[in-house]
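Student: I would like to see how this sequence folds:
(4 chains)
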Amino acid sequence: MKTIYYFFLRIITFILTILLSFTLIFIILQFVPASIVELLIASYRSKGQYYDPKAIIELRERLYELFGLGGNIVDQYFRFLNRFVLLEFGSSLIAFPTPVKEIIALRLPWTVGLLSITAIISWIMGNILGVLASERSSAISRTLRAIAVTLYPIPYYIFALVLIFIFSYLIPLFPLIGGITTVSPSLTIYDMVYLIKSSILPALSIIIVSGFGWWFLSSSSLAQVVQNEDFYKFAILRGLSSNLILKRYTLRNVILPQITALGLALGGIFSGALLVEVVFAYPGLGYLLYRAILGGDIPTTLGILSLSVIGVSAATLILDLIYPLLDPRVRHR
Amino acid sequence: MISVVKRIMKIIKSDVKVYVGTLIFILLLIFALISFLAPSWHKAWYFLPRDQLPQLSSDPTYWLGTTTNGRSVFWSLARATLNSLIIGLVAATLAAHIGLILGILAGLRSGVIGAIIMMLADVFITIPPLPLHVVLVTIFKEYISLPLLGLIFVIPSSWAWPARQIRALVTSLREREFILTSLLSGNTTRRILLNEIFPYTFGWHLVNFLNTVLFAIGSEAGLAILGLSLMREDTLGMMIYWIIYFNPLYRGIWWWVIPPIVVLILIFVSLYLISTGLQDYFNLRFKR
Amino acid sequence: MGNLLELRNVTKIFRYGLFGFRFKAVDNVSLALENKPLIFTIAGESGSGKTTLARIILGYHVPDSGEVLYKGKYIHKLQRKDIKWFRREVQAVFQDPYASFNPLKKVYSYLHETAVNIAGIDRREADAYIDEILKAVGLSLERVKGKYPNEFSGGELQRVAMARALLTKPALIVADEPVSMLDASLRINIVNMFNDFRERYGILFIYITHDLSTAYYISDRIAIMYRGVVVECGPVEKVLTEPLHPYTQTLIESLPIPDPKAREKWLKAIKLSGVIEKEEFIARGCKYASRCPYASSKCFEEPPPDVAVENRIVKCWLYSEQEKPLS
Amino acid sequence: MSGGFEINIRDLDAVYDVDIEKNVYVHAIDDVNLHIKRGEVLGIAGESGCGKSTLAKIVYGFVNPPLRVRKGSIIINAYDSEYDVISLSLEERRAKLWWRVISYIPQNAMNVLNPVMRVKDHFIELLRHRSPKADMEEVVKLIESTGLKKEVLNAYPHQLSGGMRQRIVMALALIFNPRVVIADEPTTAVDVVLQRGILQLLIEFQKKLNNTLIIITHDAGVHSMVADRVAVMYAGNIVEVSEINAVFERPLHPYTQGLINSLPRIGDKSTRVGLAGSPPDLRNPPAGCRFHPRCPFAMDICKREKPPFIEIEKDCFVACWLYTKG
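Tutor: Next up is the predicted model:
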């Protein structure tokens, strides 16, 4: 019975996170003075970009409604929530009249592809290396630890610049800021090769930094926590083989805090990945966000932001639901 | 006062990480302060000849060469480092102190208030920081100034980490018997907070402070990449923005790209070294 | 001469987790201690509620129901001016000396604070007065001043804790497992000190322990606690040599006494109960019913009354008027 | 299982290194000689910091930094073969000795089971060599012999009470019917009634398997209830080894006398006196007999020279200058 109670609590937190973040945005938007809408629209015109007049009219309408400048507060809040949760932001400005939902859907697989692969690989690699490295000679693990301590704090998008400098400029292996301009990738061989070639660097910059990050966390949690535990010492006393101890005692007890750590880090990983896309002009949500902000397309910006809040909270929920499967203490109260 | 300085020096020397980190950070600080000596024209565009290679001369203006928009890399980088540090300090001071107060409050009042604070903190931590920063900055673009940017980074979650950290520490301290002894020795709750609990939380407060400075500088760079930072000011983030915007590497101008990246990485490495070093130091002392 | 300390149906409820499992750590305890210097032991295993009871007597925990009176005053409803009086009259010593002192603070600061804040000694005479009390526990001011807790051995630090409690010349000292962390050979020196101070300063000690041998050695009266309930209370000579309550009997029989001749009786096999502690706490009837060899159906339904047998009180259906005493 | 079994500890000396360059160490075991016989229950008594747990770890062969054995040998001969624990490599100890010849019940046995593994997996991973069905039968028999129900095997450690976990660890230690079992403070954190149950179980298994049981505890009462012989340790030395009744009726060494006299007994309110002072700092232990600063009979020679470890009667030893003159 207890585990259902655990799931129930987790789902409540999930809903609460989304509600709270949107309510926060709603409250912030209430402080927006009416004049700002005119200011924003005027600034786009001055940029000299041509916008379809109908787009401007719809944008003004949308902004008035978004900033809660019409109607009473309560039903406005619920319409606001409805719009944010279902990504109903009407048509985008930069690609008028295609609706916001569509252009996001177009770019979503890119980001999800890049993010899921890199986050999972680096987490698994980091943990396994972390456990293995410190088991072996301490010399290797000490040098690795030194590298990890320096790399760990650096955000992906800063490290991305280093990679560009090294692999695009010094040793020109990859296209400099070329990226994939074609919006919809036709699946020809050439495109595929080009696609893979230009997504290597973005993926690399995430994997290296977060890979070392997870390595650093798992080896320190292994050293400080697991190896001081009584059950670990008793396993050695019983003369169990070292790789049996590694598999059933060390790894399974190091993984638990690492899952919670991953859950807490998801927000940061997601934001970092968006920015890496901008640096490499990788055609995911990040680059779309960059162009939306550049073009003053507030509906698309808000669309991407609400999607990222929902996405990250959903990922955190999934991790929370996986956790009891690995930790019997939570499964059987 | 001297005893406090002596104690700090003792902590710095005790751990190689803290020692190296402090050294690098002091160098960066000096570099940032030099920006006050910058000539009045350092902000103007196209004042200097464009894309000059770095050359050593008496006047530091050319030490790091000039940019495509005719500005001295040296002076703009110095000013950018200063501004980024200011943003970091504004955000960190606020977040760490809010976190400290809420953490102690939640730690001592374990009832409903404590539960609400902690639930709020847990929820805020899962919200990705970038989206909320982007919303705030896009809307208030006209009013953005250095301190306000720092303020923005306090929301949503940078107060939450310190609050969780301090609360865990205070709840564990509360059970310790020396709190009872202090009570029986006639100390008021306020004095217990000051003499018994605060010496422990001070260490973690410092660590939280450093981590938040890192978080704020990183966030500013992130926003700048999206073109949402202070366009007219120099910050490390803005330098990255212009590098992406002008793409100097295309034309082989490397000396405009490398310095900001090096300074950013040095800031992150040095502050993080100090923070981990302090964490090890306090873990050791606290356990003893 | 009214009672020095009186507990009336004191109950304290603890809760695991936010909506989790609730149980009575202290369940309807009533005690009365006359105002004369003696050593009163509260004995029980871990989880019996003896430490919670101690913290309630010190005013640190507030009971969920029932009252605690010290010299006729309700200690949990004291006005401001009485709080300082209560703090001067009632002091305490704790189990782990190293946990009783903040490792980051000099030990002397606690002595000074107690002397000045509570005992009301003038700052200038504080050192002399502290030195006098420290000598009573076998230490001295220059041995203690300016030192941190880790610069003392366990025995010495416990003596400093004792001195701190004596500074206010209290009438009641609650000693919560004061010697269980010390080695047996050093333990008895501190225990002898309790007896000495009881006579010299006329202090009533509440000695909380799980060690029945030292309890027998120094105390006058004893209360045995099990899962938050006082199961037996009376003079220590009677209670520990002719125990009435089945739990006390099992305790005394199981005690490994340092005399090989008792081995043969001690090795008589006993059945280890598979009961999980949690169930016993929330048991409706007698908390010991699930392990008691004499348990009847009544024991499981109704909590037993307090039955007076000779000059003792025992909470057990075996001794209530209708039932014939079995032992 | 042919008869002969014993453990001979010769001139054992071990230290805990504090700072290797400056040669600063805690001299934990100093010149220990002990002969452990077949089928006996040997109690190792002594107060905190006397080195009894360190000795147990070394006899078992679980020596890793900062603990370092400087000299001495520990010869175990069992099943007609002889092993010198100190000279065996870790691999050899693990393969030949651990859990087959000698097993170890650690301190705080309530929390030594793997929290993420079911109880039965702890047993199966040890057996593993025969058919799974046969393994399970043997495990169920062993668990039931400790008075536990076989459903316990499917539970996770956190679902069981402290007493149950303690008995599971005991069953684990006895799975290969070892020749000697070391129990390190088996009942310190346990309440009195459960303590009696656990100790009775240990003795019952010792009788049934006819092996040697070494019990390490500071509680003299426990020794008097279970031990055949007691070795009393003080500051890294064995100061006295004698038969159980002798230790309590006519303790030889002044330290043992002080210890026994300081123990209150129910039914006897006569005044007891503890020992003065406190145990020495083993970083620079006192010269000669390490007990001389606290010994009421300390003579001049005690301050200068270490007393020899002599056999007063059969299997009874004492290290004290009071007994060498006669």
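
Student: what's next to stretch B:196-205, contact-wise?
Tutor: Outside of stretch B:196-205, the residues within contact range by C-beta atoms under 8 Å, 6 or more residues apart in numbering or on different chains are B:96, B:100, B:103-104, B:162, B:165-166, B:169-170, B:173, B:178-179, B:182, B:187, B:278, B:281-282, B:285-286, C:102, C:104-105. Every residue, glycine included, has its C-beta placed from N, CA and C.

Student: chain center to it: distance?
Tutor: 20 Å (C-alpha atoms, centre = their mean, to the nearest Å).

Student: can I have it written out in CSV, keeping just the CAs?
Tutor: C-alpha atoms of stretch B:196-205 as CSV (Å, rounded to 0.1, in the frame of the first residue of the first chain):
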residue,chain,number,x,y,z
GLU,B,196,25.8,27.4,19.1
ILE,B,197,24.1,27.1,15.7
PHE,B,198,25.6,30.0,13.7
PRO,B,199,29.3,28.9,13.9
TYR,B,200,28.2,25.7,12.1
THR,B,201,26.0,27.4,9.5
PHE,B,202,28.6,30.1,8.7
GLY,B,203,30.8,27.5,6.9
TRP,B,204,28.0,26.3,4.6
HIS,B,205,26.7,29.8,4.2
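
Student: Sketch out the low-pLDDT regions of the stretch 201-326 of chain D for me.
Tutor: D:325-326 (pLDDT under 70).

Student: Over to chain B?
Tutor: B:1, B:110, B:285-288.

Student: distance of residue A:103 from residue D:214?
Tutor: Taking C-beta to C-beta, to the nearest Å as the measure, residue A:103 falls 76 Å from residue D:214.

Student: neighbour-wise, which of the two wins?
Tutor: residue D:214 (26 against 23; other C-beta atoms under 10 Å in any protein chain shown).

Student: so what's the residue most central in space within chain D up against?
Tutor: By C-alpha atoms, centre = their mean, chain D has its centre lying nearest to residue D:216, at 3.5 Å. Residues near residue D:216 by C-beta under 8 Å, 6+ apart: D:43, D:44, D:52, D:53, D:56, D:182, D:183, D:184, D:185.

Student: Please list all residues in contact with the third one.
Tutor: Spelled out, that is residue D:52. Residue D:52 sits next to D:44, D:45, D:46, D:216, D:218, D:233 when contact means C-beta under 8 Å, 6+ apart.

Student: Any chance of TSV for those, columns secondary structure and distance to residue D:239?
Tutor: Conversion of the contacts of residue D:52 to TSV gives the following (DSSP: H, G, I helix; E, B strand; the rest coil; distance: C-beta to C-beta, whole Å):
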residue	secondary structure	distance to residue D:239
D:44	strand	12
D:45	strand	10
D:46	coil	9
D:216	strand	16
D:218	coil	15
D:233	strand	7
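
Student: Nearest to chain B among those?
Tutor: Proximity of those to chain B (C-beta to the nearest C-beta) peaks at residue D:218, which lies at 23.0 Å.

Student: correct me, but the closest one touches residue D:43?
Tutor: No - here residue D:218 lies out of contact with residue D:43, judged by C-beta atoms under 8 Å, at a distance of 10.8 Å.

Student: higher neighbour count, these two?
Tutor: Ranked by neighbour count (other C-beta under 10 Å), residue D:218 and residue D:43 place residue D:43 first, with 25 against 18.

Student: Could you check how far that one is from chain C?
Tutor: Noted for residue D:43: a distance of 11 Å to chain C, by C-beta to the nearest C-beta, to the nearest Å.

Student: Quick check: residue B:249 touching residue A:165?
Tutor: Yes - counting by C-beta under 8 Å, residue B:249 does reach residue A:165; the two are 7.0 Å apart.

Student: residues shared between the contacts of these two?
Tutor: Taking C-beta under 8 Å, 6+ apart as the contact rule, residue B:249 and residue A:165 both touch residue B:257.

Student: the more surrounded of the two?
Tutor: Remark: of residue B:249 and residue A:165, residue B:249 carries more neighbours, 19 against 15, as counted by other C-beta under 10 Å.

Student: Counting residues, which helix of chain C comes out longest?
Tutor: Determined from DSSP state H, the single longest helix within chain C is helix C:184-201.

Student: mean confidence for it?
Tutor: Across helix C:184-201, pLDDT averages out at 90.

Student: Beyond that helix, next helix or strand please.
Tutor: strand C:204-209 (DSSP states H and E).

Student: pull the CA atoms of that following strand into CSV?
Tutor: C-alpha atoms of strand C:204-209 as CSV (Å, rounded to 0.1, in the frame of the first residue of the first chain):
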residue,chain,number,x,y,z
LEU,C,204,17.3,14.6,44.6
PHE,C,205,18.8,12.7,41.7
ILE,C,206,16.6,11.2,38.9
TYR,C,207,19.0,8.5,37.6
ILE,C,208,17.9,7.3,34.1
THR,C,209,19.6,4.1,33.0
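
Student: Mind giving me the packing neighbours of that strand?
Tutor: strand C:3-15, strand C:39-43, helix C:50-57, strand C:172-176, helix C:184-201, helix C:212-218 (3 or more C-beta pairs under 8 Å, 6 or more residues apart in numbering or on different chains; DSSP states H and E).

Student: Please tabulate the ones you listed in JSON lines and include distance to residue A:226 and mean neighbour count as additional columns.
Tutor: Converted to JSON lines, the helices and strands packed on strand C:204-209 look like this (distance: least, C-beta to C-beta, whole Å; neighbours: other C-beta atoms under 10 Å in any protein chain shown):
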{"stretch": "strand C:3-15", "distance to residue A:226": "31", "mean neighbour count": "17"}
{"stretch": "strand C:39-43", "distance to residue A:226": "39", "mean neighbour count": "25"}
{"stretch": "helix C:50-57", "distance to residue A:226": "32", "mean neighbour count": "23"}
{"stretch": "strand C:172-176", "distance to residue A:226": "34", "mean neighbour count": "25"}
{"stretch": "helix C:184-201", "distance to residue A:226": "35", "mean neighbour count": "19"}
{"stretch": "helix C:212-218", "distance to residue A:226": "39", "mean neighbour count": "23"}
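
Student: Among those, single out whichever gets nearest to residue D:314.
Tutor: Closest approach to residue D:314 among these (C-beta to C-beta): helix C:184-201, 28.7 Å.

Student: which other helices and strands contact that closest one?
Tutor: strand C:39-43, helix C:154-166, strand C:204-209, helix C:212-218, helix D:254-261.

Student: Mind listing residues that contact that helix?
Tutor: Contacts with helix C:184-201, where a contact means C-beta under 8 Å, 6+ apart, come from C:37-39, C:136-138, C:154-155, C:158-159, C:162, C:166, C:169, C:173, C:175, C:178-179, C:182, C:203-205, C:207, C:214, C:217-218, D:47, D:218, D:220, D:258-259, D:262-264, D:271-275, D:278.

Student: Give me the buried subset of those.
Tutor: Burial by neighbour count, 16 or more other C-beta atoms under 10 Å in any protein chain shown: within the contacts of helix C:184-201 this picks out C:37, C:39, C:136-137, C:154-155, C:158-159, C:162, C:166, C:173, C:175, C:178-179, C:182, C:203-205, C:207, C:214, C:217-218, D:47, D:218, D:220, D:258-259, D:262-264, D:272, D:274-275, D:278.

Student: circling back: so for residue C:303, which of the helices and strands packed on helix C:184-201 sits nearest?
Tutor: The minimum distance between residue C:303 and the helices and strands packed on helix C:184-201 falls on strand C:39-43, with 19.5 Å, by C-beta to C-beta.

Student: Give the pairing partners of the closest one; include direction for each.
Tutor: The sheet places strand C:39-43 alongside strand C:204-209 (parallel), strand C:221-226 (parallel), with pairing taken from DSSP bridges.

Student: At which residues are the helices of chain C located?
Tutor: Going by DSSP H, chain C shows helices at C:50-57, C:80-89, C:97-100, C:107-113, C:123-136, C:141-144, C:154-166, C:184-201, C:212-218, C:236-241, C:246-254, C:263-266, C:277-281, C:297-301.

Student: Thanks a lot, catch you later.
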